[in-house]
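> quick one: sequence plus predicted model below, questions after.
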Amino acid sequence: MNSTPNPASRNPKDLYAGLIYIAIGVAAIYIGRELPMGTALQMGPAYFPTVLGGLLAFIGLISLLRSFLRSGMPIDSFAWRPLLIIVGATLVFGLLVRGAGLIVALPLFVLMTAFASTQFRWVPSLALAAATTVFCAVVFVVGLGVPLRLLGRWFGG
Amino acid sequence: MELITNLGLGLQTALTLTNLLYCLLGVFLGTLIGVLPGLGPTATIAMLLPITFGLPPVSALIMLAGIYYGSQYGGSTTAILVNLPGEAASVVTALDGYQMARQGHAGKALATAAIASFFAGTVATVLIALFAPPLAAVALEFGPADYFSLMVLGLVAAVILAQGSLLHAFGMVVLGLLLGLIGTDVNSGAARYTFDLPQLADGIGFVIVAMGMFGLGEIIRNLEHEGTRSLMVKKIEGLMPTREDFKRIWAPIVRGTALGSLLGILPGSGSILGSFASYSLEKRVAKEPSRFGKGAIEGVAGPESANNAGAQTSFIPMLTLGIPSNPVMALMIGAMIIQGIQPGPSVITEQPALFWGIIVSMWIGNLFLIVLNLPLIGLWVRLIMVPYNYLYPVILVFCGIGVFSLNNSDFDILLMALFGFLGYVFAKLDCEPAPMLLGFILGPLMEEYLRRALIIGRGDASVFITSPISGAMLLLAVVAMAFVLMPAIRTKRAEAFQEEA
C-alpha cells in the first residue's frame, strides 16, 4: 500500500468522492425543501429525492470517514489539456451551432478538438475540418433532415 | 409446439427484406464504429441511436440489436489487432488474442473469435426463446411492491458486480437515481431540480448522459495516454483454424457459452464478469496454464463466447421485465419508449411479432457477423490504422450532432459536455459510470412503483415484506449484500476482475 504525503486523509479518492456525494446529497435535500414532502401514503414530489439525498450524503460520510482510516492510491494526475479543450470545444459548438450555423461551428469544433492532441498539425486538421463539414452538411442536414441551418441567423441564414 | 409457431412468427417478421436490410446495416455500422479504438458498445449505440428514430419499431430494435453485436465484435477485432480494447470485456480477449497476432496468427484469432461468438449467440438465442416467455408470464403477476423490490435487488446486484469499490458503486447508483428525477414530477406536475431552465422540464435524456460519460469521457481518457499504435500485421492470412485448433477450442467455447449465458442475466457488469470468469476457468483446466498470456487460442475462444452469450442473455430481463440490466439495455429500453412501446412483461403477448422478430433477428445478426466480418477484415484493418488524432474529432462531431438531433436542442450539447467532464472526474476517483447510468434510468420507475406500492399499502411500508415475491427479493438483496461484505468474499470479488496474466 502506498502512503500518501497527506497525514490527515490517507485515501484522496475516497475523500473527494465522499465530499462530492455529500455536496450533491445535501443540495438535493436543500433544493427539495421548496417542494411539498407529502406523506408515505401520498408521496409528494420532494419525498423520494429527499430520501435519496440523505442516502447519498450518508454514503459520502462513510467514504469521507473511511479516507482517514484506510489508505489508498493517490489520484492520477489530471490531463487538463485534453479535458479542458474537449469539454470547452463541445460547449463552444453547442453555443454556436444555432446562431452561427453548421458551416461555422462545425469546422471550428473539429479544429479545436484536434488541437487537444499532442500530434496536432495545422494542414491535415484544416483538411479534416473541411471534409467533416461537407460530409455532415450533405448526410445530416440534406440527407437525414436534421434541422440545422448551414448558416445561422447571425449571418442572416 | 408453441415455440415452433412463435419462432415461425419471428421468422416472418425478421425475414422481410426491409428488416433483413436493417439488421445487416446495424451489424455493419456497429462493427464500423466498434472497431474504432477506445469506443465500447455503450458509446457506439448511443451515437447511432438517433438514426433509428425514423424507422418502424421492429426495424429500429432489430437494427439496434445488430449494432450491439456488431460493436462487440468490432471491439474484439481491435483488441486482437492493436491491443486496444474498447470495453472491459475485450480486455480479456486482448490478452491472448494480441499475442496470437504478434506471432502471425491474427487471422486465426479473429476467426476463432467469430466462430466462438456465433456458437454462443446461437445457443443464447435458443435460451431466450425458451426462458423469456415463462419469465414474462411470472412477471405479469408482479405488483408495484414486487417491481420496486426487484429493482432494489437489481441495483444491489449491479453494485456487487461493479468493478472496483462497493461503496462507490453504491454511491454512483444513488447519484444516478437522483439525477434521473430531474424534470417534471409526473404525479404533481412540479418541476424538480430544473433550476428554472425550461430545457430541463422533461428531464435529462439518458443518451446525453451516456454519450457524455462514455463517449466524451473515454476520448479524453484516450488522449491522456496518446501514443503511437502499432498494428502488428499488415496482411491477414490463414483465417481458418485447423482441425487441431478446433479440437482445442470446442470445449472452451461450450464452457464459455454456459458461463456467459448464466452471468449475462445478472444486472450490472454480469456480461463482463463472464469473460473474466471464462478466462480464469480455461487457465485452470488447461494442461499447460503457462501458455496463457502468450497466445493460447483457448484464451480467445472461451472469453469471446462468454462475452457474446452474456450480451445476448442480458436481453432476457429487458424483454421480460422491462428492466435494463446494463447501460446498453437501458439504451434499448429508451429506444422502445421512443418508439411508443412500453417495455415490460406484456410486450410478449401484446406485440408477439415484435418480440419474436427481435429474437430471430438476433440469430440472423450473428450469422451476418460471421459472414460479413471475415471477408471484410481488410476494411476493418484499414479503419484501425486511421491515426487516432484524426479519428476522435470526427467521433466528437457525430456525438454532437447525434445529441442535437434527439430533441433538436443545442442545450443538450452543453449538457453532454458537462457529463463528459463529470465522467472524467469520476473515473479519476474510481467511481464507475455504469452503475450511475443504471440508477439514472431506474430512478423515475422506482419512484413510481414506490408511490403506487405505498398507496396500496395505505402508507405502510410493510407491504414490501408481506408480499411474498417482494419479501423474497428484498431478503435476497440483503443476503447478497451481507455475503459480499464478508472479508473473505471481498478479496475474491476483487480478484475476479483481475486478469491473471
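Done, it's in.
> in the longest helix that chain A contains, what's buried?
The single longest helix within chain A, with elements called by DSSP state H, is helix A:47-69. Using 16 or more other Cβ atoms under 10 Å in any protein chain shown as the test for burial, helix A:47-69 gives A:47-53, A:55-57, A:59-60, A:63-64, A:66-67. C-beta: built from backbone N, CA, C; applies to glycine.
> show me what contacts B:Leu354?
B:Leu354 makes contact with B:Thr13, B:Pro57, B:Val58, B:Leu61, B:Ile341, B:Val347, according to Cβ atoms under 8 Å, 6 or more residues apart in numbering or on different chains.
> coming back round to it: restrict the buried residues of helix A:47-69 to those near chain B?
A:Phe48, A:Pro49, A:Leu52, A:Gly53, A:Leu55, A:Leu56, A:Ile59, A:Gly60, A:Ser63, A:Arg66 (Cβ under 8 Å from any Cβ of the partner chain).
> touching, the third one and B:Gly180? I think so.
The reference is to A:Leu52. No: counting by Cβ atoms under 8 Å, A:Leu52 stays clear of B:Gly180, with 9.6 Å between them.
> now list whatever residues contact both of these two.
If you check A:Leu52 and B:Gly180 against Cβ under 8 Å, 6+ apart, no residue is contacted by both.
> next, the contact list for B:Leu414, please.
Applying Cβ under 8 Å, 6+ apart, we find B:Leu414 in contact with A:Thr90, A:Leu91, A:Gly94, A:Leu95.
> chain center to the helix or strand containing it: distance?
In the assignment (DSSP states H and E), B:Leu414 maps to helix B:410-428. Helix B:410-428 sits 21 Å away from the centroid of its parent chain (Cα atoms, centre = their mean, to the nearest Å).
> count the neighbours of the closest residue to B:Ala190 other than its chain neighbours for me.
Distances taken as Cβ to Cβ, 6 or more residues apart in numbering or on different chains put A:Pro45 closest to B:Ala190, at 4.2 Å, once the chain neighbours are dropped. A:Pro45 has 24 neighbouring residues, counting by other Cβ atoms under 10 Å in any protein chain shown.
> is it correct that A:Pro45 falls within a helix?
No: counting by DSSP: H, G, I helix; E, B strand; the rest coil, A:Pro45 is not found in a helix; it is coil.
> ok, it - contacts?
Shown in contact with A:Pro45 (Cβ under 8 Å, 6+ apart): A:Leu35, A:Pro36, A:Gly38, B:Asp185, B:Asn187, B:Ser188, B:Ala190, B:Arg192.
> next: B:Ala306.
With Cβ under 8 Å, 6+ apart, B:Ala306 has these contacts: B:Ala120, B:Gly256, B:Thr257, B:Leu259, B:Gly260, B:Leu263, B:Gly274, B:Ser275, B:Ala277, B:Ser278.
> okay if I get those as CSV plus secondary structure and neighbour count?
Below are the contacts of B:Ala306 laid out as CSV (DSSP: H, G, I helix; E, B strand; the rest coil; neighbours: other Cβ atoms under 10 Å in any protein chain shown):
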residue, secondary structure, neighbour count
B:Ala120, helix, 31
B:Gly256, helix, 33
B:Thr257, helix, 29
B:Leu259, helix, 24
B:Gly260, helix, 33
B:Leu263, helix, 24
B:Gly274, helix, 34
B:Ser275, helix, 29
B:Ala277, helix, 22
B:Ser278, helix, 32
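> how about those, which pair is most distant?
B:Ala120 and B:Ala277 (13.8 Å; Cβ to Cβ).
> does B:Ile359 touch B:Leu9 like I think?
No: judged on Cβ under 8 Å, B:Ile359 makes no contact with B:Leu9 at a distance of 10.1 Å.
> more crowded one of these two?
B:Ile359 (23 against 16).
> which ones are touching the spatially closest residue to B:Asn83 that is not a sequence neighbour?
Of all residues not flanking B:Asn83 in the chain, B:Tyr98 sits nearest, at 4.1 Å (Cβ to Cβ, 6+ apart). B:Tyr98 is in contact with B:Ala79, B:Ile80, B:Leu81, B:Val82, B:Asn83, B:Met232, counting by Cβ under 8 Å, 6+ apart.
> give me the ChimeraX select line for those, limited to the buried ones.
Buried residues within the contacts of B:Tyr98, by 16+ other Cβ under 10 Å, are selected in ChimeraX with:
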select /B:79,80,81,82,83,232
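> any idea which of the contacts of B:Tyr98 is closest to B:Ile465?
Of all the contacts of B:Tyr98, B:Ile465 sits closest to B:Ala79, with 46.2 Å by Cβ to Cβ.
> wait, doesn't the closest one sit right on B:Asp96?
No: in this structure, B:Ala79 is not within contact of B:Asp96 by Cβ under 8 Å, at 10.2 Å.
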